[in-house]
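Undergrad: Kindly generate the corresponding structure for this input.
(one chain, ligands or ions: 1)
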Amino acid sequence: MNQAQNSMLEKIRQYGVSDERVITVMGEVDRADFVLPEQKQFAYEDRPLNIGYGQTISQPYTVARMIELLLPALPSMPPFSQMVLEIGAGSGYQTAILSRLFERVLAIEVIPELAQKARLKMNDSGFENVKVKAGDGKEGWEEYSPYDAIISAADAAEVPDAWVEQLNTGGRIVSPVRGEMVRLTKMTEGSFIKENFGKFSFVPLV
Ligand code: SAH
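TA: Numbering: from 1, shown residues only. Here you go, the predicted structure:
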């Protein structure tokens, strides 16, 4: 790991992410592999970067915080035996991080070109427990459901019914909802705990 990568991780810690499982994996997945060639010099800066098609790779802190919120019920060390659905795969950066923390990752991206790029990246880089498809994440991915965790990198007007239906009991959804980070934990069919974790800015779930 180089100096710039180290200081990216340090910043994430300073902002309050304390789950070392997340920090460790973020040190193993190189963000420079997921940005456009002309953006590589900025790869370890804690900000979103353009990835084409009007989209951005998420800020590293935001990725870390969301995954930290998604993990608590997992055992303390990988490999974990849980399955996660990711909405808004974009560059595939968060997808790659999730693949080191979950047994299986199902990822959906609405822009076909980005979905294709993310899929190739996953195949080339040996992230074998990942499937990426182009499609509308609001419908979830029924074929592989139920999921233990669902994470969205796009801001929903409200949490889509499909996510709730495709979630296991005890499972968690972490998503921005109208500008606020929300975590829903499914207690029984039809009952949830809802927690708010403050303001975050995201592209809308289209
Ligand atoms: N985690 C990604 C974030 C990309 S930004 C990364 O770090 O690269 C959010 C992504 O959500 C965009 O790529 C956008 O195209 C996608 N998106 C928006 N609405 C969507 C929808 N309905 N279904 C699937 N993906 C969607």
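Undergrad: State the next helix or strand along the chain beyond the lengthiest strand in the chain.
TA: For the chain, the longest strand by residue count, based on DSSP state E, is strand 167-177. Heading C-terminal from strand 167-177, the first helix or strand you meet, by DSSP states H and E, is strand 180-188.
Undergrad: and the longest strand of the chain with the ligand, contact?
TA: No - figure legend: strand 167-177 not in contact with the ligand (Cβ under 6 Å from any ligand atom); closest approach 10.1 Å. The C-beta positions use only the backbone N, C-alpha and C, and glycine is treated the same way.
Undergrad: what's the angle between that strand and strand 180-188?
TA: 170 degrees (axes from the mean of the first three to the mean of the last three Cα atoms, to 10 degrees).
Undergrad: Does anything pack onto strand 167-177? Which helices or strands?
TA: Packing partners of strand 167-177 (3 or more Cβ pairs under 8 Å, 6 or more residues apart in numbering; DSSP states H and E): helix 60-70, strand 147-152, helix 161-165, strand 180-188.
Undergrad: so which of the ones you listed comes closest to residue 50?
TA: In terms of Cβ to Cβ, the element of the helices and strands packed on strand 167-177 nearest to residue 50 is helix 60-70, at 15.3 Å.
Undergrad: Just checking: what are the partner strands of the following helix or strand past the closest one?
TA: Heading C-terminal from helix 60-70, the first helix or strand you meet, by DSSP H and E, is strand 83-87. Strands that pair with strand 83-87, judged by DSSP bridges, come out as strand 104-109 (parallel), strand 147-152 (parallel).
Undergrad: Now the element after strand 83-87, going C-ward?
TA: helix 93-99.
Undergrad: can I get the strands paired with strand 83-87 in CSV with distance to the ligand, mean neighbour count and mean pLDDT?
TA: Below are the strands paired with strand 83-87 laid out as CSV (distance: least, Cβ to the nearest ligand atom, whole Å; neighbours: other Cβ atoms under 10 Å; pLDDT from 0 to 100):
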stretch, distance to the ligand, mean neighbour count, mean pLDDT
strand 104-109, 5, 25, 97
strand 147-152, 8, 26, 97
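Undergrad: now the ones you listed in JSON lines, with distance to residue 139?
TA: Listed next are the strands paired with strand 83-87 as JSON lines, based on distance: least, Cβ to Cβ, whole Å:
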{"stretch": "strand 104-109", "distance to residue 139": "8"}
{"stretch": "strand 147-152", "distance to residue 139": "12"}
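Undergrad: Residue 117 is nearest to which of those?
TA: The minimum distance between residue 117 and the strands paired with strand 83-87 falls on strand 104-109, with 9.0 Å, by Cβ to Cβ.
Undergrad: Which element is encountered next along the chain beyond that closest one?
TA: Strand 104-109 is succeeded, C-terminally, by helix 112-124 (DSSP H and E).
Undergrad: Now do that following helix against strand 83-87, angle only.
TA: With the same axes, to 10 degrees defining the directions, helix 112-124 sits at 150 degrees from strand 83-87.
Undergrad: re the thing from before, taking the helices and strands packed on strand 167-177 together, which one is wrapped up most tightly?
TA: strand 147-152 (a mean of 26; mean count of other Cβ atoms under 10 Å).
Undergrad: Appreciated, that's everything.
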